[in-house]
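> okay, predicted coordinates and the sequence, questions at the end:
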Amino acid sequence: MAPPTPLPILRLRAELLARTRAFFAARDVLEVETPMLSAAATTDPHLASFATQYSGPGSCHGQPFYLHTSPEFPMKRLLAAGSGCIYQIARVFRDGEAGRRHNPEFTLLEWYRVGFDHHQLMAEAAELASVLLADRVPLAKPEWRSYRELFTPLGLDPHRVTVAGLAACAERCGVPVPPGMPLEDTDPWLDLLLTHCIEPHLGQGRLCFVYDYPASQAALARLRPGDPPVGERFELYLNGIELANGFHELGDAVEQRRRFEAENAVRRAQGLPVMPIDENLLAALETGLPDCAGVALGFDRLVMLAAGRNSLAEVLAFPFEQA
Amino acid sequence: MAIYSTNEFKSGLKIMLDGDPYAVVENEFVKPGKGQAFNRVKVRNLKTGRVIERTFKSGDTVEGADVVDIELQYLYNDGEYWHFMDPQSFEQITADATAMGDSAKWLKEEAICQVTLWNGVPLSVAPPNFVIMTIVETDPGLRGDTSGGGGKPATLETGAVVRVPLFVQSGEVIKIDTRTGEYASRVKE
């Protein structure tokens, strides 16, 4: 029986994987593999980890383990241990995410560059994307826009706007406002406008990098003090599709623990499971993470764009519904 | 009534929004890199037929709409309401002009119709895809014209007017596709 995805697309995926490995080999970036299964998990309230149990030697009653949502924590432990620049092509898992552009199991290309800041890493991500897509997708010169600039056409400053201002903007733009939007937290409102009004237009025919996010959306990025302070985080878009997310990495163990605990507090308030914090990562940060930047790129989405397809199901050997 | 999570959204699901019943037409999951996930849906108002867009936070719930499609037999029209009967239970159900819409003109007694009920009351009535009717009035056509090219209007026994080929005459029985309102063929008695 023929696989649902045509063989030429599977060959394209293999070709892109080979080019990726050649790209990093030429730059002396080491390929690594880290555990998919971990006793700790992400605390990000917007990410849901698949949970399972281990029973056997060392654990007779079944110990909870989680499938990773990205290989970030163990890769940072390697960096702290002196690995130098590293990359990984990892299968990752996210519960609750299925659609045209989401598959609950997918391939992340994640890499870390010691001594880079997020701007240097964006430049390298642009080079890699060009190497992988150049002969298939016509690409104009990349563009670089701060998160703040994205909202200029909507007439608001995302760092200073209030919920009332965002609600008025949603109404002006004809965005249907979901029931139950929060009255204090501006981030879900910014996400609403971003997904409905801005993202679909980003990076039409060119790579578009968005950088310097509100401090509340810094995730694992370091903050750059200023007025307002911003998270040194970036995203890469092409043809309206988000391809990658990167950080100038936070190395401060105390601040990292504070963020994990704040995220778990949000989980508790929302009735979501509270996740075990990765103490191994925090211990590694305490010994010292080299100054570095890291980025995770959705490899299946890249294959989808290279193949000129519109859904992930068209480029996976067996999409989730047939897995 | 049932409560549905956005995770159960799919084309055809009937839900309540602002007090009206809707059917989900399209459902798209969108999520920014690190942030709130949404379901962007297109929904059709089952009373007006209008399609609108709505967005939900993923995982949120909405009330289901008690909407069912059943087959009913058309009985008669009393001047204001159209009366139908469930051929299994013999229960009688009446539909108003809003629910009937354009369908009334295609209904002859005993026709089996697809009726959409909301809380037991007809929201819409779909006639059979093909109906057979007698022409009560049409201009005499040209004898020998069999091309069906231009056509002419013909009034049917229910008052509906359809275009028929020139060779079709008053008193003849024809078959009509109610989805397009077009003449399909002559029917030999």
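Perfect, thanks for sending it.
> pull out the buried residues from stretch A:210-229.
Neighbour counts using 16 or more other Cβ atoms under 10 Å in any protein chain shown place A:210-215, A:217-224 of stretch A:210-229 among the buried residues. Every residue, glycine included, has its C-beta placed from N, CA and C.
> not counting sequence-adjacent ones, nearest residue to the residue of the stretch 51-200 of chain A found nearest chain B?
When Cβ to the nearest Cβ is the measure, the stretch 51-200 of chain A has its nearest residue to chain B at residue A:99, with 3.2 Å between them. In space, not counting the residues next to it along the chain, residue A:99 is nearest to residue B:29; the distance is 3.2 Å by Cβ to Cβ, 6 or more residues apart in numbering or on different chains.
> same deal with residue A:13?
Leaving aside its chain neighbours, residue A:13 sits nearest to residue A:303 (5.0 Å; criterion: Cβ to Cβ, 6+ apart).
> that neighbour contacts residue A:315, correct?
Yes - using Cβ atoms under 8 Å, residue A:303 is in contact with residue A:315, at 4.6 Å.
> overlap of the contact sets of these two?
Counting by Cβ atoms under 8 Å, 6 or more residues apart in numbering or on different chains, the residues touching both residue A:303 and residue A:315 are A:9, A:12, A:13.
> quick one: which of the buried residues of stretch A:210-229 is nearest chain B?
Proximity of the buried residues of stretch A:210-229 to chain B (Cβ to the nearest Cβ) peaks at residue A:219, which lies at 5.0 Å.
> what's the distance between the closest one and residue A:211?
In this view, residue A:219 and residue A:211 are 13 Å apart by Cβ to Cβ, to the nearest Å.
> anything in contact with each of those two?
Overlap between the neighbourhoods of residue A:219 and residue A:211 consists of residue A:233, taking contacts as Cβ under 8 Å, 6+ apart.
> mind giving me the domain split of chain B?
Here the domain assignment for chain B is B:3-63, B:67-126, B:130-186, based on automatic domain parsing.
> who wins for proximity to residue A:32 among these?
Across those, residue A:32 has its closest neighbour in domain B:3-63 (23.1 Å, Cβ to Cβ).
> quick one on the thing from earlier: which one of the domains of chain B is the most hemmed in?
domain B:3-63 (a mean of 17; mean count of other Cβ atoms under 10 Å in any protein chain shown).
> spell out which parts of chain B neighbour chain A.
Residues of chain B that fall close to chain A, judged by Cβ under 8 Å from any Cβ of the partner chain: B:7, B:28-38, B:40, B:52-60.
> which residue packs closest to residue 151, ignoring adjacent ones?
As the question left the chain open, I've gone with chain A. Of all residues apart from its sequence neighbours, residue A:158 sits closest to residue A:151 (Cβ to Cβ, 6+ apart), at 4.8 Å.
> the intended chain is chain B.
Setting aside the residues directly before and after it, residue B:151 is nearest to residue B:163 in space (Cβ to Cβ, 6+ apart), at 4.3 Å.
> in this structure that neighbour contacts residue B:156, no?
No - counting by Cβ under 8 Å, residue B:163 stays clear of residue B:156, with 11.7 Å between them.
> can you name the residue of the stretch 201-323 of chain A nearest chain B?
Ranking the residues of the stretch 201-323 of chain A by distance to chain B (Cβ to the nearest Cβ) places residue A:245 first, at 4.3 Å.
> correct me if wrong: that residue contacts residue A:296.
Yes - under the criterion of Cβ under 8 Å, residue A:245 is in contact with residue A:296, at a separation of 5.8 Å.
> what about the helix or strand hosting the residue nearest to residue A:99, average pLDDT?
Counting by DSSP states H and E, the element that carries residue B:29 is strand B:20-30. If you average the pLDDT over strand B:20-30, you get 96.
> same check, this time on stretch B:52-67
Mean pLDDT, taken over the full extent of stretch B:52-67, equals 96.
> now swap in stretch A:70-78 and tell me
Averaged across stretch A:70-78, the pLDDT comes to 98.
> over to stretch A:158-171?
97.
> now do the buried residues in that stretch.
Taking 16+ other Cβ under 10 Å as the criterion, stretch A:158-171 shows A:158, A:159, A:161, A:166, A:167, A:169, A:170 as buried.
> a markdown table for those, including distance to residue A:184 and secondary structure?
Output for the buried residues of stretch A:158-171, formatted as a markdown table (distance: Cβ to Cβ, whole Å; DSSP: H, G, I helix; E, B strand; the rest coil):
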| residue | distance to residue A:184 | secondary structure |
| --- | --- | --- |
| A:158 | 16 | coil |
| A:159 | 16 | coil |
| A:161 | 13 | coil |
| A:166 | 12 | helix |
| A:167 | 12 | helix |
| A:169 | 17 | helix |
| A:170 | 16 | helix |
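> may I have the beta-bridge partners of the residue of chain B found nearest chain A?
Among the residues of chain B, residue B:29 lies closest to chain A, at 3.2 Å counting by Cβ to the nearest Cβ. Applying DSSP bridges to residue B:29 gives these bridge partners: residue B:39.
> so where is chain A shaky, pLDDT-wise?
Judged by pLDDT under 70, chain A has its weakly predicted residues at A:1-4.
> show me which residues of it sit near chain B.
In this structure, chain A approaches chain B at residues A:44, A:46, A:96-102, A:175-181, A:187-188, A:190-192, A:194-196, A:199, A:217, A:219, A:235, A:242, A:245, judged by Cβ under 8 Å from any Cβ.
> how does it look with 6 Å?
Taking Cβ under 6 Å from any Cβ of the partner chain as the criterion, chain A approaches chain B at residues A:46, A:99, A:102, A:176, A:178, A:188, A:191, A:194-195, A:219, A:235, A:242, A:245.
> got a list of what residue A:169 touches?
Contact partners of residue A:169, counting by Cβ atoms under 6 Å, 6 or more residues apart in numbering or on different chains, are A:154, A:156.
> scratch that, residue A:216 is what I was asking about
So, once contact is read as Cβ under 6 Å, 6+ apart, residue A:216 ends up touching residue A:187.
> and it, how far from residue A:248?
As it turns out, when the distance is counted by Cβ to Cβ, residue A:216 lies 17 Å from residue A:248.
> check residue B:140 too.
Residue B:140 is 87 Å from residue A:248, by Cβ to Cβ.
> list just the nearest of the residues of chain A next to chain B to residue A:32.
Comparing these against residue A:32 with Cβ to Cβ picks out residue A:245 as the nearest, at 19.5 Å.
> confidence score at the residue lying closest to the closest one once chain neighbours are set aside?
For residue A:245, the nearest residue in space outside its immediate sequence neighbours is residue B:33; the separation is 4.3 Å by Cβ to Cβ, 6+ apart. Note for residue B:33: predicted pLDDT of 78.
> count the neighbours of residue A:321 for me.
Under the neighbour criterion other Cβ atoms under 10 Å in any protein chain shown, residue A:321 is assigned a count of 9.
> thanks a lot, see you next time.
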